[in-house]
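S.K.: sequence and predicted model, in that order:
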Protein chains: 2
Amino acid sequence: MDTNDPMAYDIFNPNCPSRAVFDRLGERWTGLVLLALKPGTLRFSELRRQVQGITQKMLTQTLRGLERDGMVSRTVYPTVPVTVEYTLTPLGHSLSAAVDVLRAWAIEHIDEIDAARAEYEQAG
Amino acid sequence: MDTNDPMAYDIFNPNCPSRAVFDRLGERWTGLVLLALKPGTLRFSELRRQVQGITQKMLTQTLRGLERDGMVSRTVYPTVPVTVEYTLTPLGHSLSAAVDVLRAWAIEHIDEIDAARAEYEQAG
DNA sequence: CTGTATCCAGTTGGATACTG
DNA sequence: CAGTATCCAACTGGATACAG
């Protein structure tokens, strides 16, 4: 692939780096954690309360992935007990804006989707 | 929830309908199939060739889900052997535009993510 | 060509217990 | 509080065989 040409990136190719990024977004909790951190810094327990339904294990795992990809920064304060804060990096903010487009879309089109499902059941 | 107020929709609530839409997008192949159909109608075998790495089973399953949600319409031509075409509905086109924002983001920020990963490994 | 059906390995993710 | 470690059930998804 000619990596000097942005158009050469092919999201449909499993070996293309852009596909890897796309796959990461497809992980179950990634989008929701990004949206939760969009308004500002949160502690681990606050995140867990915000993203309803996520388990401790999955929250930790998702945060590690986002940290690794440079989306989230993690700060530990040596209080007793320990305090840990998570914040979006500029890169993370940029991505969360794109994810927010999807959230807005979802909310705006709920009714149409519900109608389509009802009709599908009817016909099926 | 007050369904007359769009602001009442809470993507973080597992029982909110907007969350269901968001979850659907998180399924592995949904985004890629939407992007593949964005430029225009494709047959089953063409789709399969385009979305590299998808199996027949997963393509069928993903298309059924999109059809059920009113994103994709399916047309069967009684040729021998049979021909089946898939096209985005207006609703599907609208969603694929939002997904395309993510594709563009992914391609634009690959380098930054790679750099972050390298640094993370270094520190880790 | 466009599916459906079945089997099965691998992964995901929840529950629980424990630690600094 | 913020994790880590372990076990295990459930689901995902690939391979294969078969059908209209």
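M.R.: Structure received. Numbers count the residues shown, from 1 in each chain, chains lettered A, B, ... in the order given.

S.K.: tell me which element the residue nearest in space to the middle of chain A falls in.
M.R.: The centre of chain A sits closest to residue A:31, judged by C-alpha atoms, centre = their mean, with a distance of 2.0 Å. Under the criterion of DSSP states H and E, residue A:31 resides in helix A:30-37.

S.K.: the helix or strand just after that helix close to chain B?
M.R.: Going down the chain from helix A:30-37, the next helix or strand is strand A:42-43, by DSSP H and E. No. Judged by C-beta under 8 Å from any C-beta of the partner chain, strand A:42-43 and chain B are separated, with a smallest distance of 12.0 Å. Yep, even glycine has a C-beta here, placed from its N, CA and C like the rest.

S.K.: show me what strand A:42-43 is packed against.
M.R.: Packed against strand A:42-43 by the contact rule (3 or more C-beta pairs under 8 Å, 6 or more residues apart in numbering or on different chains; DSSP states H and E) you find strand A:83-88.

S.K.: which elements pack onto the strand it packs on?
M.R.: Counting contacts by 3+ C-beta pairs under 8 Å, 6+ apart, strand A:83-88 is packed against helix A:30-37, strand A:42-43, helix A:44-50, strand A:72-77.

S.K.: just the ones you listed: most buried one?
M.R.: A comparison of the helices and strands packed on strand A:83-88 by mean neighbour count, using mean count of other C-beta atoms under 10 Å in any protein chain shown, puts helix A:30-37 on top with a mean of 23.

S.K.: just the C-alphas of it, formatted as CSV.
M.R.: Extracted in CSV, the C-alpha atoms of helix A:30-37 (Å, rounded to 0.1, in the frame of the first residue of the first chain):
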residue,chain,number,x,y,z
THR,A,30,-15.4,1.8,23.8
GLY,A,31,-17.9,4.3,22.4
LEU,A,32,-19.8,4.7,25.6
VAL,A,33,-16.7,5.3,27.7
LEU,A,34,-15.5,7.9,25.2
LEU,A,35,-18.9,9.6,25.5
ALA,A,36,-18.9,9.4,29.3
LEU,A,37,-15.5,11.2,29.4
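
S.K.: got a list of contacts for it?
M.R.: If you take C-beta atoms under 8 Å, 6 or more residues apart in numbering or on different chains as the criterion, helix A:30-37 is touched by A:24-25, A:42, A:47, A:50-51, A:54, A:59, A:62-63, A:65-66, A:71-72, A:86-88, A:92, A:95-96, A:99-100, A:102-103, B:11-12, B:22, B:25-26.

S.K.: let me know the angle separating that helix from strand A:83-88.
M.R.: 110 degrees (axes from the mean of the first three to the mean of the last three C-alpha atoms, to 10 degrees).

S.K.: contacting residues around the residue lying closest to residue A:97 once chain neighbours are set aside?
M.R.: Counting by C-beta to C-beta, 6 or more residues apart in numbering or on different chains, residue A:38 is the residue found nearest to residue A:97 once chain neighbours are left out, at 8.0 Å. The contact partners of residue A:38, taken as C-beta under 8 Å, 6+ apart, are A:88, A:93, A:96, A:97, A:100.
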